[in-house]
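Asker: here is a sequence together with a model predicted from it:
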Amino acid sequence: MRKEFTFKIKQISFDENYHPSDKTRLTTNFANLARGASRQENLRNTLKMINNRFNDLANWDNPKGDRYSVEVEIVSVDIDVEGNGETFPTIEILKTYIVDHKNNKRIEGIVGNSFSSYVRDYDFSVLLPQHNNNQTNFSLPENYGELHGKIYKSFVNSNTFKDNFNKAPVICLSVSTTKTYHRTANQHPILGVEYQQDAYSLTDEYFAKMGLQVRYFMPKNSVAPLAFYFRGDLLSDYSNLELISTISTMETFQKIYRPEIYNANSAAGQCYQPSLKHQDYSLTRIVYDREERSQLAIKQGKFTEEQFIKRYQNILEQWAESYPV
């Protein structure tokens, strides 16, 4: 009989008083913002950007543009492989809540949004470069991303997830700089104009192993499409306010992290290829160390290799073999 892993979650508010815990993946966007001399100003300005963008999109019955504010929680997921209470940090996502100041209501938003994973760090920053070292043609290792995908699906299907969240996650990321996106005639009132591309990116394929499909939309007043990863029906499973909470939160992070794309001074056209070499963009007033982030991804990938992949190798291989596709 297949062994089931157990998951434990911890939730902490992402606000101007947020301090990353010792177990938080330091490559995570929100953890990077919360360090250094500018940490509190960073956090305050980030939250203000999120709220302003939310009210911009939720503009009905909102004449002053201040009806709503967004609360964000960081959800850390730890996995217990051996069932002995010892856990390894696995996934970090965000949960949004919408505060309606007109009606004095707190409304649940979407869980997911950002997505961070130690095993993903290992796959992208350790396993993939090692596999392609000294190879002429780029290729993927055998069964690449399958363990990670099955761990994610196991968590979302677990009682731990179902006891804490009502809907499946939606993850919202940057589009790929290696692909070209074409504008379509399809337009959603909240998500905006839909884009499509001819081939999936490596990230798209990796998330497909997690059971997630992808669609690309450029919301009103945005300058580039966002990639939305989900299962089910993105357009009908979530309310307008839920979708706006994800757009406002993740577009803000992307403007900080990838200003060349998401804070560009001109919007994507009919045919669009994102580029981090684009020069015509504006910087936010928020300090972000992108170089440090890439270095930490390698460091944390190697940590995962030693403390998770090698340590539990036999258990993980047997579990993955028996886990349904």
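Answerer: Perfect, thanks for sending it.
Asker: could I get the full set of strands for the stretch 101-250 of the chain?
Answerer: Assigned by DSSP state E, counting those that start in this stretch, the stretch 101-250 of the chain shows strands spanning 105-117, 170-174, 181-188, 192-197, 213-218, 226-230.
Asker: of all the ones you listed, which one is nearest residue 90?
Answerer: Smallest distance to residue 90 across these (Cβ to Cβ): 6.6 Å, for strand 105-117. In short, each C-beta sits where N, CA and C put it, glycine included.
Asker: centre of the chain to the closest one, how far?
Answerer: Offset of strand 105-117 from its chain centre (Cα atoms, centre = their mean, to the nearest Å): 10 Å.
Asker: what of stretch 191-198?
Answerer: For stretch 191-198 - counting by Cα atoms, centre = their mean - the centre lies 19 Å from the chain centre.
Asker: show me which helix or strand of the chain is least confident by mean pLDDT.
Answerer: Lowest by mean pLDDT, DSSP states H and E among the helices and strands of the chain is helix 29-33, with a mean of 53.
Asker: the residue nearest the centre of the chain and residue 249: what is the separation?
Answerer: Geometric centre of the chain, nearest residue: residue 114, 2.3 Å, by Cα atoms, centre = their mean. Going from residue 114 to residue 249 by Cβ to Cβ, to the nearest Å gives 8 Å.
Asker: with residue 256 instead?
Answerer: Using Cβ to Cβ, which is the criterion applied here, residue 256 is 12 Å from residue 249.
Asker: so between the two, which is more surrounded?
Answerer: residue 249 (27 against 24; other Cβ atoms under 10 Å).
Asker: so the more buried one makes contact with residue 111?
Answerer: No. Counting by Cβ atoms under 8 Å, residue 249 sits too far from residue 111 to count as a contact (11.6 Å).
Asker: now the strands of the stretch 101-250 of the chain in CSV, with mean pLDDT and distance to residue 75?
Answerer: Converted to CSV, these look like this (pLDDT from 0 to 100; distance: least, Cβ to Cβ, whole Å):
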stretch, mean pLDDT, distance to residue 75
strand 105-117, 95, 7
strand 170-174, 96, 12
strand 181-188, 97, 26
strand 192-197, 96, 27
strand 213-218, 98, 21
strand 226-230, 98, 16
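Asker: looking at these, which is nearest to residue 277?
Answerer: strand 170-174 (14.7 Å).
Asker: which helices and strands sit right next to that closest one?
Answerer: strand 105-117, strand 226-230, helix 240-257 (3 or more Cβ pairs under 8 Å, 6 or more residues apart in numbering; DSSP states H and E).
Asker: save those as CSV, and put in distance to residue 267 too.
Answerer: CSV is the format used below for those (distance: least, Cβ to Cβ, whole Å):
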stretch, distance to residue 267
strand 105-117, 23
strand 226-230, 13
helix 240-257, 13
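Asker: since that was my last question, I'll sign off now.
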